[in-house]
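1. Just to be clear, the model below is a prediction. Sequence and coordinates:
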Amino acid sequence: MAGRGWAEQELDGELLEDVEGALWTRALIEASRVDADAVGKAARVVIGVDPPATSEGDACGIVVAALLRDRRLAVLEDASVEKASPSAWAQAVAAAAARWGADRVVAESNMGGEMVLETLRAAEIALPVKAVHASIGKARRAEPVALAYERGQVVHAGAFGELEDQLCGLQVGGGYAGPGRSPDRADACVWALAELLRGAGVTGPGVRRV
């Protein structure tokens, strides 16, 4: 399923239904999709990171997003890694930063702020790392980002199946009905896009720096 869009999944006989009360629908995601080669130059690139509590638990969400020169936002890559040690996921973040010329890493620090920062610093990431602490639920944090999709402000430069499945599992009111125990990829995506939205003058709720 990873890497395929909703239309392709339908053609393959995999009809995916929308989750009741979802912040993202399949149609909304599909409407945002563009060819990766058609995305223009980025004014800045940010990497969102949702670290796992342990290497045996959830994936480490790592999503690359950009502010394009035409002022749209673009999801460029889902670089998330499964069951990775702290050093392994930090290296994955560093590699993604080098690939895309990122200027900032935004990492959720709820699972241990200093540990997250020290892990990323140990990977010799040569760019600012911003630790953010979620003070409200995932759904409320994601709402401004979902609204940006509805306004046509966000595009997906390609298909990111696992990430898109998680986005479509986030529900109004705080529920999650997507795959896996936690929407780690979706959280990383929201952190990255929210940072870019704030830079464009739109501030989402429930985030404080640590």
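-> The structure has been received and is ready for your questions. Residues are numbered from 1 along each chain as shown.

2. Which secondary structure elements does the strand or helix carrying Ala74 sit against?
-> In this structure, Ala74 is located in strand 73-78 according to DSSP states H and E. On a contact count with 3 or more C-beta pairs under 8 Å, 6 or more residues apart in numbering; DSSP states H and E, strand 73-78 meets strand 42-50, strand 61-68, helix 86-100, strand 154-157, helix 161-167, helix 184-199. Every C-beta, even on glycine, is put in place using the N, C-alpha and C of the backbone.

3. any idea how far the residue most central in space within the chain is from Trp24?
-> Centroid-nearest residue in the chain: Cys189, 1.1 Å away (criterion: C-alpha atoms, centre = their mean). As judged by C-beta to C-beta, to the nearest Å, Cys189 and Trp24 stand 10 Å apart.

4. Now for those two: what residues contact both?
-> Leu167 (C-beta atoms under 8 Å, 6 or more residues apart in numbering).

5. what's the neighbour count on Ala192?
-> 29 (other C-beta atoms under 10 Å).

6. what sits against it?
-> 46-48, 63-65, 75, 106.

7. hmm, try it at 7 Å
-> For Ala192, the contact set (C-beta atoms under 7 Å, 6 or more residues apart in numbering) comprises 46-48, 63, 65, 106.

8. what does the model give it for pLDDT?
-> Ala192 is assigned a predicted lDDT (pLDDT) of 97.

9. again with Gly169
-> 94.

10. and what of Glu164?
-> pLDDT at Glu164 comes out at 98.

11. now Arg181
-> The predicted local confidence for Arg181 is 86.

12. same check, this time on Met1
-> pLDDT at Met1 comes out at 38.

13. One more: the one 5 residues further on?
-> pLDDT recorded at Trp6 is 39.

14. hang on, the earlier thing: show me which of the contacts of Ala192 are buried.
-> Buried by 16 or more other C-beta atoms under 10 Å: 46-48, 63, 65, 106, out of these.

15. distance of Ser87 from Ala98?
-> Distance from Ser87 to Ala98, by C-beta to C-beta: 16 Å.

16. Actually, Leu170.
-> Taking C-beta to C-beta, one finds Leu170 at 30 Å from Ala98.

17. Could you check which of those two has the larger neighbour count?
-> Leu170 (28 against 12).

18. Number of residues surrounding the closest residue to the more buried one other than its chain neighbours?
-> Using C-beta to C-beta, 6 or more residues apart in numbering and skipping residues adjacent in sequence, the residue nearest Leu170 is Leu23, 4.8 Å away. When neighbours are counted by other C-beta under 10 Å, Leu23 registers 24.

19. Please apply the same query to Val49.
-> Neighbours of Val49 (other C-beta under 10 Å): 31.

20. what does Thr54 give?
-> Thr54 has 10 nearby residues by other C-beta under 10 Å.
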